[in-house]
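> model the following, please.
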Amino acid sequence: MRGLRRKRGRTQSAIEQSISTVLVEVQPMLRIEHCRLELVEFDSGTGVLVIRIEGNCPDCSVSPSIFATGIAAHVKQRVVEVSEVRLEG
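The predicted structure follows:
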């Protein structure tokens, strides 16, 4: 995977594009077919990212939100401007 870490000072739009790219890349790692990760809001002033996790495993009781900690760590590692990841709701 190519790294998305870059110098601070990027535009809000560029940061959000990087976040969206990472969310698309991490989605298959969950191995839940009908799971969808979506950027809800990013505050470049605080570094707080809000994401929505939709879907569930049709064959088990696993919820994608169980993977929230791993998703957050992955996003924070790849996009330096993100300091905190919260789930919507």
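
> give me the pLDDT value at Pro58.
At Pro58, the pLDDT value in this model is 67.

> and Leu30, by the same measure?
72.

> what's the local residue count around it?
Residues near Leu30, counting by other Cβ atoms under 10 Å, number 19. (Glycine included, C-beta is placed from N, CA and C.)

> so how far is stretch 71-78 from its chain's centroid?
Put simply, stretch 71-78 sits 7 Å off its chain's centre (Cα atoms, centre = their mean, to the nearest Å).

> convert that stretch to CSV, retaining C-alpha atoms only.
Extracted in CSV, the C-alpha atoms of stretch 71-78 (Å, rounded to 0.1, in the frame of the first residue of the first chain):
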residue,chain,number,x,y,z
ILE,A,71,-10.1,1.2,11.5
ALA,A,72,-9.3,4.2,13.6
ALA,A,73,-5.7,3.1,14.1
HIS,A,74,-5.3,2.5,10.3
VAL,A,75,-6.7,5.9,9.4
LYS,A,76,-4.6,7.7,11.9
GLN,A,77,-1.5,6.0,10.7
ARG,A,78,-2.2,6.8,7.1
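
> was I right to think Ser44 contacts Glu81?
Yes - applying Cβ atoms under 8 Å as the test, Ser44 and Glu81 come out as touching, 6.4 Å apart.

> shared neighbours, these two?
Residues touching both Ser44 and Glu81 (Cβ atoms under 8 Å, 6 or more residues apart in numbering) are Ile15.

> more neighbours: which of these two?
Glu81 (22 against 15).

> mind listing what's buried along the longest helix seen in the chain?
Identified as the longest helix of the chain according to DSSP state H is helix 12-26. Buried positions in helix 12-26, judged by neighbour count with 16 or more other Cβ atoms under 10 Å: 15-16, 18-19, 22-23, 26.

> fine by me, we can end here.
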